Every structure is written in structure tokens, then in C-alpha cells.
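# structure for the following, please:
(chains A and B)
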Amino acid sequence: MKNSINQMMLDRLADAAREGRISRRSFMHYSMAAGVTASAATGLWGTAANAEPKRGGTFRLAQHDGNSGDSHDPGLYESNAEINLAHTFRAFLTQINTDQSLGADVATEWSATPDASEWTFKLNPAATFHSGAKVTAEDVVASMNFHRGEQSTSAAKSLLAGVTDIVADDEHTVTFKMESGNADLPWLMTDYHLVILPRNEDGTANWKSGDGCGPYKLDSWEPGVNASLTRHEEWHGEGAYFDAVEITYVNDPNARQTALVTGDADATSMIENKTMALLERRPDITVINVPSAQAVTWPMFCDTAPFDNVDVRNAIKLSVNRQELIDKIAFGAATMANDFHHSPAMPYWPDDIPQREYDPEQARALLKKAGMENLSVEISTADSITSGAVDSAVLYSEHAKASGINMTVKREPNDGYYSDVWLKKPWCMVQWGARPTPDVMYSLAYKDDAAWNESHWQNEEFNKLLRQAKAELDDTLRAEMYRDMAILAKDDGGTVIPFFPNFVYAISKKVGTTGEYAASWHMDGYRAASRWWFNS
Amino acid sequence: MGDILGLVAKRLGLGLVILLVISVIIFFMVELLPGDIAEAVLGQGATEENVRNLREQMGLNDPALVRYFDWLKGAVMLDFGRSIVTQETVMSVIGERFRNTLFLATYAAVIAVPFAIVLGVIVALLRNSVFDRVANVLTLTSISSPEFFLGYILILYFSVKWSMFPAIASLSDGMSFLDLLERTFLPALTLVLVVTAHMMRMTRAAIINLLASPYIEMAKLKGTPPWKVIVRHALPNAWAPIINVVALNLAYLITGVVLVEVVFVYPGIGQALVDAVSKRDFPVVQACCLIFAATFILLNLAADVGAILTNPRLRHPK
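A predicted model of the protein is given here:
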């Protein structure tokens, strides 16, 4: 009897896996609960979920954040529409796999000198531009140099600031030379700005032509309206099962959902959290909910009263009920954070640091110790930061009342928020896009001398570890350092991070996926077009 | 006829002056927006050096007055310059979209204007009947609901529940004209619902107003059937106010449809304008606003000319 129940459960699990409703991790978990051994469960996952991808069909995607000002200039890439298109018709040196590990794209392998100050990338000799030209080391050099140098307007300039020279060793080998070691360089190459472009005769990169070496060729593109692409038969990667891809830019969340429901689209990026549960009830639609490395931070100036007292900072961190914020503001589609800017979707995430809970008692005690009972603080926020930003500040201020903190919510204008409020007001809310590694994130906004050290935090040990970890090639040692840094940020830092918002998007059941999704962007790290397929 | 041509010429000249004033107002309003074009383009991740380089490239370092007159010089020759954000010519950014907007407006107008006027005549004929009340309540309800709400209701029934029309009005090259009409039916219908009430009620009011006149009494007394009284005798004298309201609504169909465009994902000019404002893409904003202003001026002119042509007293002034 028990066996048949187990069998029924397993069948259901297998169905769920095939339709991509559960992740590999949950599949293994439930299978083992149903009495299957780990190795058998692994095999089962393979047969259940990896339904053979089929070639063919036109993949119709409803994409958010399309603007008529979108451009092909990779230095100015900013909107989700541009980033999605970049991953569909252009290629990068490396990519983030569906299991969040680092994988090959145009580069097949990479290695560093022991001090990590020189990285050599071997290129895939099969990589070809849509025009028919082979991708050479010279193209890669031109593409990277586009973001460097005095005259560059690229937003990725700071990312490559440590690079002193990029040379083509031979036709398929490129070496990056840096002023100091950086173990993260291969990860940085997944950054959405760093696309591989064909080279002009004068050695500059040609971004204007719309040529690329990605899985699909761009047939037509009207910014903010639509894009149509067909498969690039000479593509160097595995996948690109769809014959063609039609992207329609649909900025209204309701229209995106309707397009999916009526069958005008096969997939849609960014579903509104508040309608997620309703959409999940439809039998023909799968909602995909992926923990991400995006964050909304609440940085306090560590050198400005009252935040210059670490007890006050920790009292404030203790005064938020994170679960309630996740339930009410993010409708459950978020991953709880622990006041360090390192999400489970990033490599080296330390999973054993105790979660800071909502504890008004302890907060009161800390405030008393600091002699700051009846503390009054002001949080600056604006609706444009993220959906529900102002509401979450109001909810936080209600939680903080229990700790005796009087928190006023100051609503700032949306326009110019990042030039007039961020880095100017002692406590505000900030939206951060996903960054590939903890080093990039910490160097950008937590390092002592970073221009965007948004919390004015100075911690000698943290900065020492940051510099050490940057050049450390031993992954175990590195993970330990990031763990120590996370604890320092959590207990001494000035940034409250209640949660990391998830990526929520939806697909039709007609679309097959691997069941795992890269957490770097929406739509499987925006590689849906090359990774997914039609089931029938 | 000569008088009318003279009037048209005079009004066109006046229209140009108004356009000039509008261009000045728009220019300095955009200047007043907080934030900076280079910062808006580069986003949150911009460094000071990036912003400086980009400002240089965009020519934003010249004083506002110099930039205004440079632009004005081009605009006179119908060259609106290049988009600051994409470096494409403004005409290539908005030309196609303006055609789309005109198409949708024409589609909606072709349905709405005859529908509203015929309905107006019928309710005037059957005034204070149940039909009159129902027509009034329905059209007033549709004009009082926000456009996006009407759009969603239409989508809910016509696409989701009954699968009759597509919910997304995205256009692609090589569509046949019939496909095009089917694709854009729901947005056109939304616009029809929004503009019908105004025109219908004006028709009704103008006609009922005239029904108290002695010459209508005369027509009735000589035994003319009621529908003929209205169509032959009342309507010709009611044209002037009706034409004015029609012109106003046509202008609205061109300039006020951003929400409908967003709901139905229709690539019209409204969406381009909103994008341009958020990116501070001044040449595009200026061009869009000028097009809108010109639309209003031209349609008003057409309304005045129409009113004169339908009124013999105005046609032959003493």
C-alpha cells in the first residue's frame, strides 16, 4: 500500500519536474522523502525533467522595460529590454549557467597566473558573427577596449578600471593584464555591457551594425516596439532550439499577463507579485520564481549621528519584521536577507550565519546602552525605487515603534532621486541590480574608499579581507573570507537589507525548460531564447 | 469663397505664432525638469567622468538659448534634429509612430463620428423615451470610466473570455489591411466608447435646442414627419456646434491616447513622448509637442471653416 502511494507521489513529482514546476533541489528533497535513494533520485530527475529538447517554432516573448530610446550601444545598456536583446543576439566571454555556476560562452577555458593578475581566455574557434566572420582575439580586444580609456562613456568603465592592458596572444587567445590580482575576472565577463562585437578596420568595436555572435540573428528591431530574430545556424553554443524569436515590448504588467493568458505570447518577463498567485491557478501557465541577487538596501551614514553608534545601527536592524515585509510588500516573492549584501544567488554565499530576527526587546536594550531611548530617525524613500518602497518604509516604522524608535518616512520626488537623495541623506532606500560576485558588490558600495560607499562604513578588517579575497584563487579560502566579511557587515555595517526581491516571470506550459534558472536576470538570465524549447 | 481663403491664411499665420510660443514654453519646461539628460541616460550606475564625457558628446554644455535657436533653425526647415539618446533623426524615431497614431485615430473616427451623430439624431427624435435614457446612461458611463479600465473590460470579454479579437495590437510588417483592422479593433473600440458620448450629447442638445424655434413649428404644422423635421430642418442649423465638438474629439484621438497605447501595446506617438520625457530627450519631446499643438490648431481651423461653410449667414456676411 505504502509503495503505491509512493509511486503515485513520484509520478506526480516527475510530472512537476517535466513541466518545470519544481527545481532540481526540491525534486531531490521530495523524492528522498518518498523513500528513493539519492542516486536513484538523481537518475529519476534526469529522465523526468530532461525531456528531450525539440527544435522548431517561434518563441514569442512579452518583455517589460522597453523604451523608444533603447540603443545597441553596449556602454549605455540599462533597460531590461536592452539586456534581454544583448543575450539573444550577442554573446559574452562567459555565462552564468542554470545552476548558478560559471560556464563557457565565447571563451571555452580560462586560467590565471598564481597572483590572479593575468587572465588568459581561450576562445571557441567555432564562434562566428552573423556576418560570417570568425570571432577572433582582436575582436575581443576591441570589444573590451570600447569600455576603457579616457573618452569612453561606458557604464562598465569602472568594472574594468583595474585592467591595464588586453592583448591578443594569437587568433584565439586573449590575455587581460591587471594592476593587481582579481580572481573574479571570469565572472565579470558575464556583465551585460561586455558583449563581443565585431571589429572595425581601425581597431574600434562596431556596435552600430547590429551584428553579433549570439544564438539569434537580428532581422528587425524597433526600440520599444518589437524585435524579430532567426536562429544563427553557425552559433558556437548548445541550444537555440527555436527557429525564430519574436519579442514584443509590453510595459504594462496587465497587458503582459493578458498576452500570456490569451496565447499571444509564450512567455512574459516580470509578473506583478500581487497577481502571481492568481496566475499560478491557471492550468496552462507556469509561474517561475527565482531568488535573485538584486537588493533594496537601506544604508545609514556610519559617521553621522545617531547612526555613528553601532548599537543604534543594530537596534534599527533588529526593529524590522522581515517576514512581514516579505509577505505584505513582496507577496512572498522574496528571499530573506541578513543585513549583508550577499544573496544566496551569488557564489560563495555563507549559509550558516544565524538569521537576525525581529527583536524589539533587544533593540530597546541596545538603545538604552547607547543612551538613545526615544530615538527619532528619518528615512528617505520614493516610489520609483521599487514597487511598494514607500509602503515598506511605513511598515518598518510601525515595527520600529515597538523598540521605541520614532521613524518618520520622508517621501522624496522620483525624478533625480539618485542625484539628490542617494549619498546625500543619512538614511535612504536604494535599489541595486544584481551583481555577479560578492567582490563586485562590496567593492562598489562597501569598500572604504568607494565613491558609492553609501553607508560611509569604515571597517579596517573588512577592507583587509576584501583586498585579500579579491586575489585569492583557492575557492575554500575565499568562501571563508566572504563569510567573515558577511558577519562584519551584519554586526558592524550601516546597511539594513530586509530581503532580496525574487525574479518572477511566467511561461506557457507549451514551453519546455531545464527546471533550473540562472538567477542573474529575468527569463533564465535572459538566455531563455537559447535555453528553452517547445514541448510539442 | 475668397473670404474663406483669406481667413484660412490669416488663421494659419496666427497658428505659426502660437506654435512658436509653444516651442519656447516646452523648451524651458523641459529645462526645468529636475535631473540631467546625461544622468538619465546612464542611469544610477554613472560616474562623474562618464556623465562629463556624455554631456560633452551630446552638446549639452552650450547655454540653453544657443541650443534653442539652433533647434529652431532646423525646425523651420522641418529638420527636428537628432534624438539625444539614440542619435537617430527625430523623424525616424517618431515618423512611423505618428503614422500609427493617425491610423488608429482615423479608424476610431470613422466608426465614432457617424455612430455618434446618427445616435444623437435618434435620441433627439425619441427624446425622454427609455431608449434615450439608456443611450445616455451607457455613453456617460463609458466616458466617465478611465480609458484603461474600458480597455481592460474589452480585453476581458473580447479576448480572454470569447477569444474574438487579439488583446495585443502589436503591428508587424507585411500585415494585410484586414489583419490590421482586426488587430487594432479593440483599441479603436475603446476610443470610440470614450469619444462617442461627447459628440452624441452635443448633437442631441443642439437639435433639441432648435426644436423650439418657430420655423420647426412651421415644418411640423405643414405635416412633415418628425424624422424629416430633424434631419432636413433642424440638423443643418445644428452643424456648427457639432463640428466644433467633433474637431475637439478628433484632436483628442491623436493626442490623448497614451493609456490606450499602453494597455494594448500599440506603437503610437504617445508612448514615444512618455519615453522621451523620462529620458529628457528634448528634441523628441519638442517635436511631439509641436505635432500635438499643430494638430489642435489645424483641427480648430477646420472646425471654424466647416461651421462657416454650413451656415449661409456666415458664408455671406453683410
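# okay, CA-based contacts and neighbour counts for the rest of this
Noted.
# ok, now which ones touch residue B:311?
Neighbouring residues of residue B:311 by C-alpha atoms under 8 Å, 6 or more residues apart in numbering or on different chains: B:237, B:240.
# helix, strand or coil for residue A:139?
Under DSSP: H, G, I helix; E, B strand; the rest coil, residue A:139 falls in the helix class.
# can you give me the pLDDT of it?
Note on residue A:139: pLDDT of 95.
# contacting residues for the closest residue to it other than its chain neighbours?
Spatial nearest neighbour of residue A:139, excluding adjacent residues (C-alpha to C-alpha, 6 or more residues apart in numbering or on different chains): residue A:199 at 5.0 Å. By C-alpha under 8 Å, 6+ apart, the residues touching residue A:199 are A:138-139, A:142-143, A:205-206.
# let's see it at 6 Å
A:139, A:205-206 (C-alpha atoms under 6 Å, 6 or more residues apart in numbering or on different chains).
# again, but for residue A:470
A:182-183.
# tell me the one of the contacts of residue A:199 nearest chain B?
Within these, proximity to chain B (C-alpha to the nearest C-alpha) peaks at residue A:206, which comes in at 15.5 Å.
# burial of residue B:66, as a residue count?
10 (other C-alpha atoms under 10 Å in any protein chain shown).
# phi, psi of it?
phi -60, psi -40 (degrees, to the nearest 10).
# quick check: closest non-adjacent residue to the residue of the stretch 101-250 of chain B found nearest chain A.
Using C-alpha to the nearest C-alpha, the closest approach of the stretch 101-250 of chain B to chain A is made by residue B:160 at 5.6 Å. Excluding its sequence neighbours, the residue lying closest to residue B:160 (C-alpha to C-alpha, 6+ apart) is residue A:262, at 5.6 Å.
# and the residue of the stretch 351-500 of chain A found nearest chain B, how far is that from residue B:220?
Taking C-alpha to the nearest C-alpha, chain B has its nearest neighbour within the stretch 351-500 of chain A at residue A:416, 4.7 Å off. Distance, residue A:416 to residue B:220, by C-alpha to C-alpha, to the nearest Å: 68 Å.
# export the contacts of residue A:199 as JSON lines, with columns for neighbour count.
What follows is these, written out as JSON lines (neighbours: other C-alpha atoms under 10 Å in any protein chain shown):
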{"residue": "A:139", "neighbour count": "23"}
{"residue": "A:205", "neighbour count": "22"}
{"residue": "A:206", "neighbour count": "20"}
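# buried stuff in the helix or strand residue A:476 falls within?
Residue A:476 belongs to helix A:475-492 when elements are defined using DSSP states H and E. Neighbour-count burial for helix A:475-492, counted by 16 or more other C-alpha atoms under 10 Å in any protein chain shown, picks out A:478-479, A:481-492.
# can you tell me the helix or strand for residue A:378?
Going by DSSP H and E, residue A:378 is in strand A:376-381.
# same question, residue B:191
helix B:185-210.
# contacting residues around the following helix or strand past that helix?
For helix B:185-210, the following helix or strand on the C-terminal side (DSSP H and E) is helix B:214-221. Contact with helix B:214-221 is made by no outside residue, as judged by C-alpha under 6 Å, 6+ apart.
# so what would you say the end-to-end distance of stretch A:524-536 is?
21 Å.
# ok, now stretch B:226-237?
End-to-end distance (C-alpha to C-alpha), stretch B:226-237: 16 Å.
# and stretch A:461-480, by the same measure?
End-to-end span of stretch A:461-480 (C-alpha to C-alpha): 14 Å.
# so how far is it from its chain's centroid?
Centre-to-centre, stretch A:461-480 and its host chain are 22 Å apart (C-alpha atoms, centre = their mean, to the nearest Å).
# next: stretch A:112-119.
Put simply, stretch A:112-119 sits 26 Å off its chain's centre (C-alpha atoms, centre = their mean).
# ditto for stretch A:465-481
Distance, centroid of stretch A:465-481 to centroid of chain: 21 Å (C-alpha atoms, centre = their mean).
# average model confidence for that stretch?
pLDDT averaged over stretch A:465-481 gives 93.
# show the end-to-end separation of that stretch, please.
With C-alpha to C-alpha as the measure, what separates the two termini of stretch A:465-481 is 6 Å.
# which pLDDT value belongs to the residue nearest to residue B:160?
90.
# what does stretch A:428-440 contact?
A:293-298, A:342, A:346, A:379-381, A:385.
# CA atoms only for stretch A:244-258, dumped as PDB, please.
Below are the C-alpha coordinates for stretch A:244-258, written out as PDB (Å, rounded to 0.1, in the frame of the first residue of the first chain):
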ATOM      1  CA  ALA A 244      12.800  32.300 -34.600                       C
ATOM      2  CA  VAL A 245      12.200  34.600 -31.700                       C
ATOM      3  CA  GLU A 246       9.600  37.500 -31.600                       C
ATOM      4  CA  ILE A 247      10.000  39.900 -28.800                       C
ATOM      5  CA  THR A 248       7.200  42.400 -28.100                       C
ATOM      6  CA  TYR A 249       7.900  45.200 -25.700                       C
ATOM      7  CA  VAL A 250       4.900  45.300 -23.300                       C
ATOM      8  CA  ASN A 251       5.400  47.800 -20.500                       C
ATOM      9  CA  ASP A 252       2.000  47.400 -18.900                       C
ATOM     10  CA  PRO A 253       2.100  44.400 -16.500                       C
ATOM     11  CA  ASN A 254      -1.500  43.700 -17.000                       C
ATOM     12  CA  ALA A 255      -1.100  43.600 -20.800                       C
ATOM     13  CA  ARG A 256       1.800  41.200 -20.400                       C
ATOM     14  CA  GLN A 257      -0.300  38.800 -18.400                       C
ATOM     15  CA  THR A 258      -3.200  39.100 -20.800                       C
END
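# good, wrapping up.
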